[in-house]
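please work out how this folds:
(4 chains)
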Amino acid sequence: MSILIDKNTRLIVQGITGREGIFHTSRMLAYGTQVVAGVTPGKGGEWVLDGKVPVFDTVHRAVEITGANASVIFVPASFAPDAILEASDANVPLIVCITEGIPIQDMMRVRRFLDQDGVRLVGPNSPGLLTPGGCKVGIIPGHITEPGNVGIVSRSGTLTYEVLYALKMEGIGVSTCVGIGGDPINGTSFTDILGMFEADPHTEKVVIIGEIGGRDEEIAAEYISERMTKQVVAFIAGRTAPPGKRMGHAGAIVEGGTGLAVDKINSLEAVGAAVAEHPEKIPDLLK
Amino acid sequence: MSILIDKNTRLIVQGITGREGIFHTSRMLAYGTQVVAGVTPGKGGEWVLDGKVPVFDTVHRAVEITGANASVIFVPASFAPDAILEASDANVPLIVCITEGIPIQDMMRVRRFLDQDGVRLVGPNSPGLLTPGGCKVGIIPGHITEPGNVGIVSRSGTLTYEVLYALKMEGIGVSTCVGIGGDPINGTSFTDILGMFEADPHTEKVVIIGEIGGRDEEIAAEYISERMTKQVVAFIAGRTAPPGKRMGHAGAIVEGGTGLAVDKINSLEAVGAAVAEHPEKIPDLLK
Amino acid sequence: MKLHEYRSKQLFSKFGIPIPRGRVAMTAHEAKTIARELGCPVVIKAQVLVGGRGKAGGIRLVHTPEEAEEAATQVLGMQINGLPVRKVLVDEAAEISSEIYLGVTNDRAIRSPVMMASAEGGVDIEEVARTHPDKIVRTYIDPLLGFQDHQARYLAVAIELARDHWREFINIACGLYRAYKSSDATLAEINPLVITGDNRLLALDGKMVLDDNALFRHSDLAEMRDIDEEEAIEREARRFGLSYVKLDGSIGCMVNGAGLAMATMDVVKLFGGEPANFLDIGGGAGADKVSAALQLILRDPNVKVVMFNIFGGITRCDEVARGILATLEEVDTDLPMVARLVGTNEEEGRRLLAEADLVTATSLADAAEKAVALAGKGASK
Amino acid sequence: MKLHEYRSKQLFSKFGIPIPRGRVAMTAHEAKTIARELGCPVVIKAQVLVGGRGKAGGIRLVHTPEEAEEAATQVLGMQINGLPVRKVLVDEAAEISSEIYLGVTNDRAIRSPVMMASAEGGVDIEEVARTHPDKIVRTYIDPLLGFQDHQARYLAVAIELARDHWREFINIACGLYRAYKSSDATLAEINPLVITGDNRLLALDGKMVLDDNALFRHSDLAEMRDIDEEEAIEREARRFGLSYVKLDGSIGCMVNGAGLAMATMDVVKLFGGEPANFLDIGGGAGADKVSAALQLILRDPNVKVVMFNIFGGITRCDEVARGILATLEEVDTDLPMVARLVGTNEEEGRRLLAEADLVTATSLADAAEKAVALAGKGASK
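Now for the predicted structure:
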């Protein structure tokens, strides 16, 4: 009924004692997620949330003691690359990074390293994942969606909630919602998730939520054309955005004319994926 | 009749216009190796050895024009890591590095990079490879061995020649001889080559030539015990070497009591590999 | 964050890249003094963070210190693409025999830095990229391994650079990569890299863009931010960690998340309105930040209505509500406001706002429709 | 190349690792002056590139400048494991509450650097490694990515370091890795890293070994080579790029290649002889180098016979022959010589040597047998 996370996910929270870490841990617990440990260097041995969750100094120790199989990261941007690498070093197979604002060169190095390492990173700058009724990893509000058969994958954060909420209003449920994050370099792409949804017997339709910049939506369109048998519906944010600030000649040369909403919409429509004109129209397209 | 190189090998020589490069290129050509190009930055467009071999400025260009599928490197140690990376970047599937004296941290980085890249590096500090009667890549003298069914793999340079010569004196021929190089960090290990010999229908017996230091021979012994069906004979140099200079506590802790000739000999004998007491006794053990 | 030409070139110089002798002047008199010191001819170059300086007349070749003063007087009085010129760079003039392009930037599709070179450098490089893409050669850089000498040689060969310049070119390319890496740049570009009349390579113009997210570890570079050139309102936004872009419409938008902010603008337009701004308050904004954001919106005289679209996740609706209420207590405004708050702590947020005189909306479409209606005819297409 | 304790610590200090205040003295008087400047108590530490200084009495704690002078006089007169003490380090004394071990070196099996730490640092660390290997914790470092903060935290947790020292420890571990990396070290070690009486971390002793192959890019470090401590003959060997180790036997060996040189020694011993040296002339040695090598062998008064075992590959037999002939013309010697030359250009080599009065051999065993016989009873076991 889901991809990546489910009732068996045993989660640790890196940065659990921070303001966001503790708040969202309580939300994840309330949703029913098995948060088995937190990690904050220097606070090992403490317990948080009325003794519900033990805190460890390192991910290694947390994994060793609790058998965790996923981690969610809430640490500040300057420490987040180290936190990702620490989780990878402790062989955590799924790492979800909520932190935004990580320097791009750091992420290029981290991503290159993880490519060799076989772990899956979702994010950074991701709202996390949600398998309604099963498991919530990250910050997606739990009550705005219900279990169902639509898979969601999005580069955006809050725009994703908007879509989940619109689906719920129309009685449409979700298998898993994955926020891959809006940063230029991230761990998981649209096509990675499309492949998982295609393989998941409980997902029948898929929604892609994209935005201007990069070529991920165009690459996803190619993938849809070549590999997807399930219905795909999309929304692309930024149709009316003014042209972004230029990155000098090199940026223009590398990106060429790519990144515009209209190109993404055309690519997706060309392969049969209906594109909604605003997010609250997605439910209509799924019917 | 061989592993890694044969009559179809199309070789480029990096550093062809240097003293060693040109000398050994002429030897390789004389042996019948298809040396299709040389590379020396700044000398592209020239021809060497009476117009037999064209010189290019980059490996990319040499591969593009000649369809080379192997490279041998004769450039000085300070430029050799770059030369290896250049060959890898040009997708040369077999890179043989003769150069000795490459800084160890450089080689750790290069090796780590190549691990992701799928190319095979033999060496550095390797005498190269020789498939008698078929192809010579590197500096192993061609006339000291004949075609046959014994595979040779060695960490040493000249000691290898000694063994080839001793075999020839006794009328024993060789399928392929591979010098993996004596440096602490190299591209190809004993076990890599043992696996190829085990799979090669024209190799019936294998000779390992090891020396003191490291644990490669012990690891090879494990491999022999688990995977090899063919007869393996060995020689280990350094039985009488005085204990080497110590590398501080850390070296002692990392290496432990390992690296002694006696341990290597015991490991090999324990898995049924006869160990010769001097190199010229190897032929007796193969009979 | 963009660096001025002179800052970029100073940084390049630290990494062994040859640049013309030169200095920056804030006044025409200074420019004259510098011209005298350097010896003429010199070039007077407007230092503004926009393109098109040359076409706007912001670059002048002069032959005497007096001419330098005169040219600097003119250039320092100019506005280029709306930006006033406050500094000129006075560089010794170089005789140019040919122009090369050399730049390094991030390729997000490949997830690596890429170094690019072309024998046809100069102001028309983007035109070259469009019409003769084969004349721009690229080499991708492994972000862990870094730029290698052989990659510089590959570029030198590919752009058919004369052999006697290879050594210089390799040093320049390696220096450019180190400048890019050590300053967490997203772009480091030399255009043109010229071959001079006396056959040397020289970085005549330079541009660097730094990763704003990495400035925390480059305090020396962060100090170079040219606040003169930022609109006061955008500077204020940055100070509060807000992402704000002023637009020409009448509907002030406050949204959390860039994607949702763009989608909100899209929907406003779809319903016939015009957004007054893009404003993303980011994730987890507290009441202070929300208050700062609202005050920014209210400062824009074109704004006829304010629309809040908050979908709480890491941001909590109650914090947003508190920020709005605090601002309304401080600031005297009659503007109508439409609020849509959903998600984390939405009940508490709505409860707090119930006291204030705000129009509430349930859906994004609903909010946009109401806002457009309230903006009335002011929000014409 | 090993660095002295004081050089290692100076280098560590550049990377932010706290070290005791201290200076090096070449004379006892200097030691007294330094002791007075630092304030007593101080520690007088022999600077020699061998272990076992402490047990040999080369480290003394003193309480007055006069005592410092006296102790320095004694230590500067010592020989430790055969090496004369020419310098002492005068360090402020630290009160030690516990001793940590911290070191980084290369693990050739893993092909990566490894950082190791133990709560049980001090002189017995190797004993700890043998008897309680679990008390030494390791973390492997990706050579492309480098050492990461989380790895330092892992070590701090694993050695049960008190939490208030973590920040210092992480800085020290990161600094140690940078010292190791930036100087192309094969070892960088702090032992002990002490927790002082006033609860600070302090690198009390340090050791670095540099990669000789990388010294070409570290001319500053290469200058630190302590030539006093090398035997003159080994220094000479290094100058010619020869690898020479003096031994106690009577059969001088010149071989090309380390493996073959070791095998040659093995065979000499197998036939009842004792090698006078290990000497590898390396690959591609020219006549000059061969000549230098032969002269080195001939300088050893114990040598009764010289044995050449050259198997040409990159080395050419004719060059070796030329080197031998050139030396024999210059140097007056009656010693018998056995030559075995096989491989690249062997015909030419043999032709050249035919004129000289050398015993020739066809196989290694043949050469060893002949050499042992010629060395006669002098080559007893």
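
now A:Ile144. Nearest residue, chain neighbours left out?
A:Tyr165 (4.5 Å; Cβ to Cβ, 6 or more residues apart in numbering or on different chains). The C-beta positions use only the backbone N, C-alpha and C, and glycine is treated the same way.

check C:Leu193 too.
Closest to C:Leu193 by Cβ to Cβ, 6+ apart is C:Ile100, at 4.2 Å.

cool, C:Leu49 as well?
C:Lys2 (4.7 Å).

same check on C:Arg60?
C:Ala71 (4.1 Å).

residue contacts, that neighbour?
By Cβ atoms under 8 Å, 6 or more residues apart in numbering or on different chains, the contact list for C:Ala71 reads C:31, C:44, C:60, C:62.

circling back to that earlier point, helix or strand for the residue nearest to C:Leu193, which one?
Here C:Ile100, judged by DSSP states H and E, is contained in strand C:96-107.

is chain B contacted by whatever helix or strand comes next after that strand?
Following strand C:96-107 in sequence order, the next helix or strand is strand C:112-118 (DSSP H and E). No: counting by Cβ under 8 Å from any Cβ of the partner chain, chain B has no neighbours in strand C:112-118; the shortest distance is 12.8 Å.

who are the packing partners of strand C:112-118?
helix A:104-117, helix A:248-255, strand C:96-107, strand C:136-140, helix C:149-158, helix C:166-182 (3 or more Cβ pairs under 8 Å, 6 or more residues apart in numbering or on different chains; DSSP states H and E).

the residue nearest to A:Ile144: neighbour count?
Residues contacting A:Tyr165 under the criterion other Cβ atoms under 10 Å in any protein chain shown number 22.

report pLDDT for it.
Looking at A:Tyr165, its pLDDT stands at 93.

give the other helices and strands that whatever helix or strand it lives in contacts.
Assigned by DSSP H and E, A:Tyr165 belongs to helix A:158-169. The contact analysis (3+ Cβ pairs under 8 Å, 6+ apart) places helix A:158-169 against strand A:147-154, strand A:174-179, strand A:205-211, strand A:231-237, helix A:282-286, helix C:258-270, strand C:305-312, strand C:337-343.

would whichever helix or strand comes after the longest one count as contacting chain A?
Right, the one you point to is helix C:258-270. Counting by DSSP H and E, the next helix or strand C-terminal to helix C:258-270 is strand C:277-280. Yes: judged by Cβ under 8 Å from any Cβ, strand C:277-280 and chain A are in contact via C:Phe278.

tell me the mean pLDDT for strand C:277-280?
pLDDT averaged over strand C:277-280 gives 91.

how far off strand C:305-312 does the helix or strand that it is followed by point, in degrees?
Per DSSP H and E, the first helix or strand lying C-terminal to strand C:277-280 is helix C:287-299. Orientation check (axes from the mean of the first three to the mean of the last three Cα atoms, to 10 degrees): helix C:287-299 against strand C:305-312 gives 150 degrees.

using neighbour counts, pick out the buried residues of helix C:287-299.
Within helix C:287-299, the residues that qualify as buried are C:287, C:289-294, C:296-298, counting by 16 or more other Cβ atoms under 10 Å in any protein chain shown.

that one near chain A anywhere?
No: judged by Cβ under 8 Å from any Cβ, helix C:287-299 makes no contact with chain A; its nearest approach is 13.7 Å.

what about that helix, average pLDDT?
Here the average pLDDT along helix C:287-299 is 93.

who's in contact with that helix?
Here helix C:287-299 has contacts from C:233, C:236-237, C:240-242, C:244, C:252-254, C:276-277, C:279, C:281-282, C:285, C:303, C:306, C:319-320, C:322-324, C:326-327, C:330-331, C:333, C:335, using Cβ under 8 Å, 6+ apart.

filter those down to the ones close to chain D.
Of the contacts of helix C:287-299, not one also sits near chain D (Cβ under 8 Å from any Cβ).

so C:Asp300 touches C:Asn277, yeah?
Yes: C:Asp300 is in contact with C:Asn277 according to Cβ atoms under 8 Å; the separation is 6.8 Å.

contact residues of the stretch 201-350 of chain C facing chain A?
C:207, C:209, C:211, C:213-214, C:216-217, C:245, C:247, C:255-260, C:262-263, C:265-267, C:269-270, C:275, C:278, C:282-284, C:310-316, C:342-344.

give the ChimeraX command for selecting the buried subset of those.
In ChimeraX, this line selects whichever of these come out buried by 16+ other Cβ under 10 Å:
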select /C:207,209,211,213,214,245,247,255,256,257,258,259,260,262,263,265,266,267,269,270,275,278,282,283,284,310,311,312,313,314,315,316,342,343,344
